[in-house]
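J.: Sequence first, then the predicted structure, then my questions.
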Amino acid sequence: MKKDTGKELMTNWRWWMVVLLFVATTVNYMDRQVLSLTWKDFIAPEFHWTDNDYGTITAFFSIIYAICMLFAGKFVDWMGTKKGYLWAIGVWSFGAVIHAACGWATMHIEGYESVEAMAAVEAGSAAALGIASVSVWLFLAARAILALGEAGNFPAAIKTTAEYFPKKDRAFATSIFNAGASVGALIAPATIPLLAQFFKDRGIGGGWEMAFIIIGALGFIWMGFWVFMYEKPHKSKHVNAAELAYIQQDEDEPAAAEGAEEKSSIPFLKCFTYRQTWSFIAGKFFTDGVWWFYLFWAPAYFSDQFGYKSSSGMGMALIVTLYAIVTVISIFGGYLPKYFVEKKNMHPYSGRMLAMLIFAFFPLFALFAQPMGQFSAWWPAIIIGLAGAGHQAWSANLFSTVGDMFPKSAIATITGIGGMAGGVSSFLINKGAGMLFTYSENAGAAFSFLGFEGKEAGYMIVFCICAVAYLIAWAVMKALVPRYKKIEE
């Protein structure tokens with residue numbers, strides 16, 4: 001490898017890594033979205049599900065995801081980025097595909113000859129409750145496998161970003177691949193309900209089964225590209241000396257000797273002794289549940305409150321608009337700290353915290369979603385889109401604080417620990433929302449909040465929680481780590 005990099009034209013292989021991470025994250029979120037886009041209009045009528053049943057399934061996914069995240073990062077650090085990511089996407093793709101068997105299994109366990117026979121059972125009867133119970137348990141099993149694999153995505157992706165980018169570029173690179181979450185959520189409503197309806201019209205099950213199979217299979221295709229494209233920067237034949245020097249430019253991170261391996265990671269339990277770890281945990285705990293609530297409940301919200309099914313043109317238009325706003329604005333969120341560092345000469349961590357404070361105000365828009373919904377469904381779509389954009393911009397910078405403060409060998413581990421906290425918050429908000437919506441709908445006018453009654457009041461309560469979560473999170477993080485301090489191995 002050349003030693004004189006002054007006149008050598010730098011390769012840009014690191015951006016191809018970002019493309020791979022972006023696609024993986026897009027597929028990751030599409031796999032999550034299949035259920036939220038099909039349960040209300042396709043699956044629930046077959047299995048007689050209530051909001052509480054769906055809330056149980058999403059909450060269970062979240063808590064299993066949380067538990068797996070606690071160890072997924074350590075697994076990726078132990079296995080290495082390449083093998084760890086392959087295992088993660090292979091497991092979650094398998095988990096996504098086997099959802100399709102839940103209907104068939106329920107039908108045979110309960111002794112029905114067809115899906116139509118299950119759907120025709122009287123609502124509220126013992127038979128309907130039996131169908132609902134068995135199907136929920138089967139979906140819980142499939143969601144557990146999906147959660148196990150998906151827990152590895154962000155630890156592996158953040159570790160890859162830290163390997164391929166200097167600190168000043170990491171938030172921007174993270175914002176690009178993290179936009180895959182928004183793009184996945186954007187593509188999903190424009191494709192999944194149509195896929196489900198297409199196959200349903202042709203008598204292939206309930207239609208939703210093929211949606212799980214087709215979207216789940218995308219992950220197996222990605223694995224082939226990852227095998228042939230990824231290597232550590234100093235080993236990759238696609239990274240020249242100039243690009244390697246750029247990647248390793250940080251003064252406090254000595255350039256790795258050619259062929260050198262990473263040092264051993266920080267012991268797992270010792271990670272919990274650092275205030276920096278708890279700062280990241282707080283940032284994830286207070287905010288991740290908000291994003292997952294939008295992700296899992298937005299289609300049902302537009303169906304419940306405005307009557308637009310996810311398979312209808314208007315239903316798809318509202319969700320696509322919401323996530324288009326999220327996607328466009330959130331990418332800027334990763335560029336903002338880069339601007340603060342390069343133009344304002346701020347320290348990367350200080351620039352990141354300032355950017356996070358700015359984006360912590362965006363979710364306050366959620367306070368107006370329910371009130372403005374009285375005029376048009378478009379207002380909540382736009383408002384939730386702005387709140388969601390604030391989350392994604394916040395999230396890109398939050399992930400990058402790990403690379404700021406921890407050695408590369410511990411990045412996946414810390415990311416996993418924080419992801420666990422985020423999964424717990426998702427469990428709480430999704431289960432709580434399901435229970436609240438079922439209760440408020442049954443209570444009707446007897447349940448009120450800020451001028452809203454029944455289920456509308458339930459949504460208003462959750463929107464209020466989502467609105468203030470980020471400012472609370474930022475304050476806690478700042479209290480825990482008021483100034484930048486790097487953890488040394």
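T.: Great, that's in hand.
J.: Now do the buried residues in the least confident helix or strand in the chain by mean pLDDT.
T.: Least confident helix or strand of the chain, by mean pLDDT, DSSP states H and E, is helix 313-344 with a mean of 80. For helix 313-344, a neighbour-count test (16 or more other C-beta atoms under 10 Å) marks 315-327, 329-331, 333-338, 340-341 as buried. C-betas here are computed from N, CA, C, even on glycine.
J.: My reading is that residue 310 is in a helix; is that accurate?
T.: No. Counting by DSSP: H, G, I helix; E, B strand; the rest coil, residue 310 is not found in a helix; it is coil.
J.: wait, residue 68 sits on residue 151?
T.: Yes. Look at residue 68 against residue 151 with C-beta atoms under 8 Å: they come within range, at 3.6 Å.
J.: If you count surrounding residues, which of those two has more?
T.: Using other C-beta atoms under 10 Å as the criterion, residue 68 and residue 151 rank with residue 151 on top: 29 against 23.
J.: Now the phi/psi pair for the more buried one, please.
T.: Main-chain torsions, residue 151, degrees, to the nearest 10: phi -60, psi -20.
J.: Pull the contacting residues for it.
T.: 65, 68-69, 72, 88, 416, 419, 423 (C-beta atoms under 8 Å, 6 or more residues apart in numbering).
J.: Tell me which of the residues you listed fall in strands.
T.: Among those, no member falls in strands (criterion: DSSP state E).
J.: Now do the very next helix or strand once past the least confident helix or strand of the chain against helix 313-344, angle only.
T.: The helix or strand immediately downstream of helix 313-344 is helix 348-360, counting by DSSP states H and E. If you take axes from the mean of the first three to the mean of the last three C-alpha atoms, to 10 degrees, helix 348-360 sits at 150 degrees to helix 313-344.
J.: Name the residues that touch helix 348-360?
T.: With contacts defined as C-beta under 8 Å, 6+ apart, helix 348-360 is touched by 167-168, 171, 333, 336-341, 344, 346, 390, 393-394, 397-398, 400-401, 404-405, 470-471, 473-474, 477-478, 484.
J.: got it, and stretch 198-215?
T.: 27, 30-31, 34, 38, 42-43, 46, 96-97, 99-101, 103-104, 115, 188, 192, 195-197.
J.: Okay, buried residues for it please.
T.: Residues 199-200, 205-215 are the ones in stretch 198-215 that count as buried (16+ other C-beta under 10 Å).
J.: same check, this time on stretch 187-195
T.: Using 16+ other C-beta under 10 Å as the test for burial, stretch 187-195 gives 187-189, 191-193, 195.
J.: Which of those residues fall in helices?
T.: Counting by DSSP state H, the part of the buried residues of stretch 187-195 found in helices is 187-189, 191-193, 195.
J.: how about a markdown table for those residues, with distance to residue 241 and pLDDT added?
T.: As requested, these are exported to a markdown table (distance: C-beta to C-beta, whole Å; pLDDT from 0 to 100):
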| residue | distance to residue 241 | pLDDT |
| --- | --- | --- |
| 187 | 38 | 86 |
| 188 | 42 | 84 |
| 189 | 45 | 81 |
| 191 | 43 | 89 |
| 192 | 45 | 90 |
| 193 | 50 | 88 |
| 195 | 47 | 91 |
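J.: As TSV, those residues with distance to residue 372 would be great.
T.: Shown next, in TSV, are these (distance: C-beta to C-beta, whole Å):
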residue	distance to residue 372
187	26
188	25
189	21
191	28
192	27
193	25
195	32
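J.: Tell me the one of those nearest residue 282?
T.: Distance to residue 282 across these (C-beta to C-beta) is lowest for residue 188, with 29.8 Å.
J.: Checking the nearest residue to that closest one once chain neighbours are set aside next. Helix, strand or coil?
T.: Nearest in space to residue 188, with sequence neighbours left out and distances taken as C-beta to C-beta, 6 or more residues apart in numbering, is residue 33 at 3.8 Å. What three-state DSSP gives for residue 33 is helix.
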